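A structural model of the following input is requested.
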Amino acid sequence: MTEQLFTLSQRFSEAVEIINTVDPKKLVRILQRIIHKLYHQKGDTFSAEEQERLAEVLGLHEEQLATLMEICSFIFEQASYVQLSLQQLKEQLEKAGMQKDQNIAFLKVWDTEGSHLIEALKEKSVVPDALDSVKWRLHLQTGTASLARLRTPTAIFELGMKNSATGELSEPIIAEFSHEELSILYDKLELIQEQVDMLS
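A predicted model of the protein is given here:
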């Protein structure tokens, strides 16, 4: 990967400058907590008390510590989404201006924890609700006295939804389709299935 993965915005560059001031041994421990938080998805990376102590130990303001943690999380997330190798991550961090010792700290953590994060993010849904069940029924509307032979069939779907994070059931989605609309939906689902098959 030769192109720049990380956009060197002012905030990103400031965060790299902050990271470069952190002792590499302390940075490794911070990065381990950050990456564990990313794949466990529960609670805060550090409690408010821990953040206060950490800012004091590192000689940072609270805003600087927040920026550091946010950008470190961002680096690991981006590395996961494109599944960077150790060498690729090293090169990307060098391009971003990270110093050698801090770069090595990232590489140590990525080497031991990166595969866990990639697997966790693969399983994580990008939308809060996921399809849980599908119910349907056929509805046949018959004609009125003036149009006695007219029959309009429709399919009514009830899509049961479940919150991906909590597992709780959400409000179901109810949709009604005419024969023509159902054909269009079927064609689109076929296209989606082909694209998913190509990616699998």
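
I figured His61 hits Glu52, correct?
No. When contacts are counted by CB atoms under 8 Å, His61 is not listed as touching Glu52 (11.2 Å). The way it works is simple: take the backbone N, C-alpha and C, and place the C-beta from them, glycine included.

anything in contact with each of these two?
Common neighbours of His61 and Glu52, using CB atoms under 8 Å, 6 or more residues apart in numbering, do not exist here.

packing partners of the longest helix belonging to the chain?
When the chain is parsed with DSSP state H, its longest helix is helix 100-123. If contacts are counted by 3 or more CB pairs under 8 Å, 6 or more residues apart in numbering; DSSP states H and E, helix 100-123 sits against helix 24-40, helix 62-81, helix 86-95.

stretch 120-135: end-to-end distance?
Start and end residues of stretch 120-135 are separated by 30 Å (CA to CA, to the nearest Å).

state the mean pLDDT of it.
For stretch 120-135, mean pLDDT is 78.

would you mind pulling the contact partners of it?
Here stretch 120-135 has contacts from 38-41, 77, 80-81, 157-165, 169-170, using CB under 8 Å, 6+ apart.

list the buried ones in it?
If you call a residue buried by 16 or more other CB atoms under 10 Å, then stretch 120-135 has these buried ones: 121, 129.

isn't Leu27 right next to Ala105, touching?
Yes. Leu27 is within contact range of Ala105, at 4.2 Å (criterion: CB under 8 Å).

low pLDDT regions in this structure?
1-2, 41-43, 124-127, 142-150, 199-200 (pLDDT under 70).

if we can go back for a sec, what subset of the contacts of stretch 120-135 is buried?
38-39, 80, 157, 161-162.

go through these and name the one nearest Thr67.
Nearest to Thr67 out of the buried ones among the contacts of stretch 120-135 is Leu38 (CB to CB; 16.9 Å).

hang on, the earlier thing: same drill for Leu27 and Ala105, tell me which one is more crowded.
For Leu27 versus Ala105, neighbours defined as other CB atoms under 10 Å are more numerous around Ala105 (26 against 23).

circling back: the helices and strands packed on helix 100-123: which one's closest to Leu185?
helix 62-81 (30.1 Å).
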